[in-house]
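Enquirer: Turn this into a structure:
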Amino acid sequence: MKKLTKAMCWEVISITKDRVNNVGIAIYKKPTTNKCYEQRPKNDPPLCQDSDDPSAAWNVPLQSCMHKIPVAASERGSQWPEML
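Expert: Model prediction:
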């Protein structure tokens, strides 16, 4: 799991284990830029083709690829609320 999440450029935020039943949980943060994807020594898992729609949800075949991080505000969708 560690190799996969590192290859996907995910950052470990927290790993905890329940004291009662020893169930573990890991929380990861996805990258906010494409810099990590561009610096990977191997393109594995591969990035999706630019023609692949990252918003497609219905009646589309599953693919084993990752979409690039949208960089333009118009591509990211709605803005997050400002921090208080």
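
Enquirer: Residue 26: how many residues sit nearby?
Expert: When neighbours are counted by other C-beta atoms under 10 Å, residue 26 registers 14. Every residue, glycine included, has its C-beta placed from N, CA and C.

Enquirer: Skip the chain neighbours and tell me the closest residue to it.
Expert: residue 15 (4.8 Å; C-beta to C-beta, 6 or more residues apart in numbering).

Enquirer: can you give me the helices in this structure?
Expert: Using DSSP state H, the helices found in the chain span residues 2-7, 35-39, 73-76.

Enquirer: can you list those in a markdown table and add mean neighbour count and mean pLDDT?
Expert: Shown next, in a markdown table, are the helices of the chain (neighbours: other C-beta atoms under 10 Å; pLDDT from 0 to 100):
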| stretch | mean neighbour count | mean pLDDT |
| --- | --- | --- |
| helix 2-7 | 12 | 92 |
| helix 35-39 | 13 | 94 |
| helix 73-76 | 9 | 68 |
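
Enquirer: got CSV for those, with distance to residue 65 too?
Expert: Listed next are the helices of the chain as CSV, based on distance: least, C-beta to C-beta, whole Å:
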stretch, distance to residue 65
helix 2-7, 12
helix 35-39, 11
helix 73-76, 18
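
Enquirer: measure residue 26 to residue 68 for me?
Expert: Per C-beta to C-beta, to the nearest Å, residue 26 is found 24 Å from residue 68.

Enquirer: scratch that, residue 32 is what I was asking about
Expert: In terms of C-beta to C-beta, residue 32 sits 12 Å off from residue 68.

Enquirer: These two: who's more crowded?
Expert: Legend: neighbour count by other C-beta under 10 Å for residue 32 and residue 68, higher for residue 68 (15 against 10).

Enquirer: ok now do the more buried one, which residues does it touch?
Expert: 34, 37, 47-48 (C-beta atoms under 8 Å, 6 or more residues apart in numbering).

Enquirer: what does residue 4 give?
Expert: Applying C-beta under 8 Å, 6+ apart, the residues near residue 4 are residue 45.
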